[in-house]
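**Q** sequence first, predicted model second:
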Amino acid sequence: MIELAPHNLCTGCTSCANTCPHHAITMQADGEGFLYPAIDRNLCVECGLCTKRCPILLPEQQKNESSPKAFALWSYPDRTVSSSGGAFSAFARSVIKKGGRVWGAAFVGKLKCRHVESDSLDGLAALRGSKYVQSDLGSVFSLIKEELQQGIQVLFCGTPCQVAGLQAYLHKGYDNLLTLDLACHGVPSDAILQAYIKKLSVKKGINIDKFEFRRLNGWGKAPAVEIRGKLCPIYGIDDLYMRAFDRSALFRLSCYSCPYARIPRVGDCTIADFWGIGRHGKPFKQNVLKGVSLVLTNNKKGEEAISHLENVFMEQRTLEEALVENHNITSPSVQHPRRNLIIQAFLNPSKPLDEIAVEFDLIDNSLKGKVKELASKWHVFDVVKSVYNKYKSL
């Protein structure tokens with residue numbers, strides 16, 4: 001009998017479901033809302049192809065660089081409409097300019113996160129910005145394979161496990177495929193996000209149709225909701241989802257033993273925020289307030305791709321500096337001891353955000369915590385970072 005990856009290790013990458021020629025595998029949500037493959041034994045013919053394309057059961061030998069080059073980068077046209085420096089948009093522009101297609105995560109419908117495709121610059125808007133939730137891949141891998149076989153240039157951007165899943169599904173290299181893996185902390189399920197949005201809607205007395213995990217017009221973390229047509233930052237208990245996220249309390253079980261949180265990385269390039277740039281190495285004589293992307297070029301294809309980017313600022317930095325404040329590039333998040341209970345509390349429709357915050361002590365009410373929140377509200381951190389950066393560049 002076919003046995004897929006163990007529940008605690010399965011990443012939900014969909015390689016097995018896309019691979020099955022008999023459509024015997026579907027992705028179904030478990031009690032926490034995470035998607036896992038389920039086999040219809042009436043359709044399964046025990047061919048074993050699904051297990052041969054599982055990146056967990058049969059991991060591919062990693063041939064990428066053990067010491068990738070690190071770059072600070074931003075895209076001039078995209079920096080102020082992106083979570084950090086707009087590195088994704090810079091690569092996407094390059095691919096679209098060649099007549100290619102770009103796949104990335106976007107919110108569709110009622111804040112449902114799915115991987116979608118764009119072949120135009122206008123379509124990139126939906127793909128920009130951080131989405132701290134696992135995206136639904138559906139049949140994306142099979143669609144990408146069709147495009148690659150037609151000779152279309154394709155860019156795929158996703159979490160490292162999604163990139164590994166695509167590579168396992170394709171089972172061969174394609175010169176016309178470029179992959180970007182994200183520096184990923186871990187992923188909550190769509191069900192957890194939807195439950196949080198519903199609780200927040202009740203608390204604020206509004207219907208929330210738009211939610212941004214991070215501001216796009218500057219480098220910061222404050223989420224925002226749309227109220228009467230205006231995006232308003234949220235703090236404290238309203239921001240409980242991200243507070244729990246930062247405490248590693250909402251992630252898929254496999255995230256805590258992620259085999260891709262390491263170097264060598266799986267993608268042709270890795271993209272992230274260049275947190276701490278200039279604080280742990282040579283001075284960085286640029287204004288960082290609008291965001292700075294980190295790009296690691298993990299192989300020759302990645303190096304070639306970054307060399308063809310247009311209208312970008314780019315400066316090579318050391319790998320050591322890049323890793324100081326990007327821990328998840330080299331190690332998985334540590335599971336919160338009450339992770340299971342916290343997830344069930346979010347999913348419980350009768351538990352309001354205030355009650356969850358108190359029960360699990362997810363809000364830092366110390367003097368230091370309150371000062372940090374006030375500083376974030378009044379953008380004091382921006383001023384301090386600007387002054388510090390100028391001092392370091394002297």
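**A** Cool, got the structure.

**Q** low-confidence stretches in this protein?
**A** Residue ranges of the chain with pLDDT under 70: 367-394.

**Q** let me see the ranges of the helices in it.
**A** 15-19, 49-52, 87-97, 140-149, 160-170, 190-204, 240-246, 300-307, 319-324, 339-347, 353-360, 367-377, 380-392 (DSSP state H).

**Q** can I get those in CSV with mean neighbour count and distance to Phe211?
**A** Quick note: C-beta positions are derived from backbone N, CA and C, even for glycine. Shown next, in CSV, are the helices of the chain (neighbours: other CB atoms under 10 Å; distance: least, CB to CB, whole Å):
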stretch, mean neighbour count, distance to Phe211
helix 15-19, 26, 28
helix 49-52, 18, 35
helix 87-97, 24, 19
helix 140-149, 18, 23
helix 160-170, 25, 22
helix 190-204, 19, 6
helix 240-246, 22, 9
helix 300-307, 17, 31
helix 319-324, 18, 30
helix 339-347, 19, 15
helix 353-360, 17, 14
helix 367-377, 13, 18
helix 380-392, 13, 22
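
**Q** those: which one's closest to Val108?
**A** helix 190-204 (11.5 Å; CB to CB).

**Q** roughly how far is that closest one from the heart of the chain?
**A** Counting by CA atoms, centre = their mean, to the nearest Å, helix 190-204 is centred 20 Å from the centre of its parent chain.

**Q** compute the inter-axis angle for it and helix 353-360.
**A** Angle, helix 190-204 to helix 353-360, by axes from the mean of the first three to the mean of the last three CA atoms, to 10 degrees: 120 degrees.

**Q** who are the packing partners of helix 190-204?
**A** strand 112-118, strand 224-227, helix 240-246, helix 339-347, helix 353-360 (3 or more CB pairs under 8 Å, 6 or more residues apart in numbering; DSSP states H and E).

**Q** out of the helices of the chain, nearest to Cys232?
**A** Cys232 lies closest to helix 190-204 among the helices of the chain, at 9.5 Å (CB to CB).

**Q** give me the contact list for the closest one.
**A** Contact with helix 190-204 is made by 29, 32-34, 110-113, 133-134, 136, 207-208, 211, 225, 227, 234, 237-238, 240-241, 250, 343, 346-347, 349, 351-354, as judged by CB atoms under 8 Å, 6 or more residues apart in numbering.

**Q** now a PyMOL select for only the buried ones of those residues.
**A** Buried residues within the contacts of helix 190-204, by 16 or more other CB atoms under 10 Å, are selected in PyMOL with:
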select buried, resi 32+33+34+111+113+133+134+136+208+211+225+234+237+238+240+241+250+343+346+347+353
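
**Q** quick revisit: dump the helices and strands packed on helix 190-204 to TSV, plus distance to Val45.
**A** What follows is those, written out as TSV (distance: least, CB to CB, whole Å):
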stretch	distance to Val45
strand 112-118	29
strand 224-227	49
helix 240-246	41
helix 339-347	36
helix 353-360	46
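
**Q** hang on, His22 packs against Asn42?
**A** No. His22 is beyond contact range of Asn42, at 10.1 Å (criterion: CB atoms under 8 Å).

**Q** those two: which is more packed in?
**A** More neighbours surround His22 than the other of His22 and Asn42, with 12 against 6 (other CB atoms under 10 Å).

**Q** that one and Leu137, how far apart?
**A** Here the criterion is CB to CB, to the nearest Å. By it, His22 lies 20 Å from Leu137.

**Q** how about the residue of the chain most remote from its centre, phi and psi?
**A** Distance from the centre of the chain peaks at Asn42, with 35.9 Å (CA atoms, centre = their mean). Asn42 adopts backbone torsions of phi -70, psi -30, taken as degrees, to the nearest 10.

**Q** re earlier: can you say which of the helices of the chain is nearest to Pro68?
**A** Among these, the nearest to Pro68 by CB to CB is helix 319-324 (6.6 Å).

**Q** could you export the closest one as CSV, CA atoms only?
**A** Output of helix 319-324 as CSV, limited to C-alpha atoms (Å, rounded to 0.1, in the frame of the first residue of the first chain):
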residue,chain,number,x,y,z
LEU,A,319,27.3,36.3,3.4
GLU,A,320,28.2,36.5,7.0
GLU,A,321,26.5,39.9,7.4
ALA,A,322,23.5,38.7,5.4
LEU,A,323,22.9,35.8,7.8
VAL,A,324,23.2,37.6,11.2
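
**Q** Thr318 against Gly281, yeah?
**A** Yes. In terms of CB under 8 Å, Thr318 counts as a neighbour of Gly281; the distance is 5.5 Å.

**Q** who touches stretch 56-69?
**A** Here stretch 56-69 makes contact (CB under 8 Å, 6+ apart) with 4-5, 9-11, 51-52, 164, 167-168, 254, 259, 263-266, 270, 296-299, 302-303, 316, 319.

**Q** quick one: closest of the helices and strands packed on helix 190-204 to Asn326.
**A** Closest to Asn326 of the helices and strands packed on helix 190-204 is helix 240-246 (CB to CB; 14.7 Å).

**Q** from the contact counts, what lies against that closest one?
**A** Helix 240-246 packs on helix 190-204, helix 339-347, helix 353-360, going by 3+ CB pairs under 8 Å, 6+ apart.

**Q** how about TSV for these, with distance to Gly104 added?
**A** Shown next, in TSV, are the helices and strands packed on helix 240-246 (distance: least, CB to CB, whole Å):
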stretch	distance to Gly104
helix 190-204	17
helix 339-347	26
helix 353-360	30
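
**Q** for stretch 305-316, measure first residue to last.
**A** By CA to CA, to the nearest Å, the extent of stretch 305-316 from end to end equals 15 Å.

**Q** go through that stretch and flag the buried ones.
**A** Using 16+ other CB under 10 Å as the test for burial, stretch 305-316 gives 305-306, 309, 312-315.
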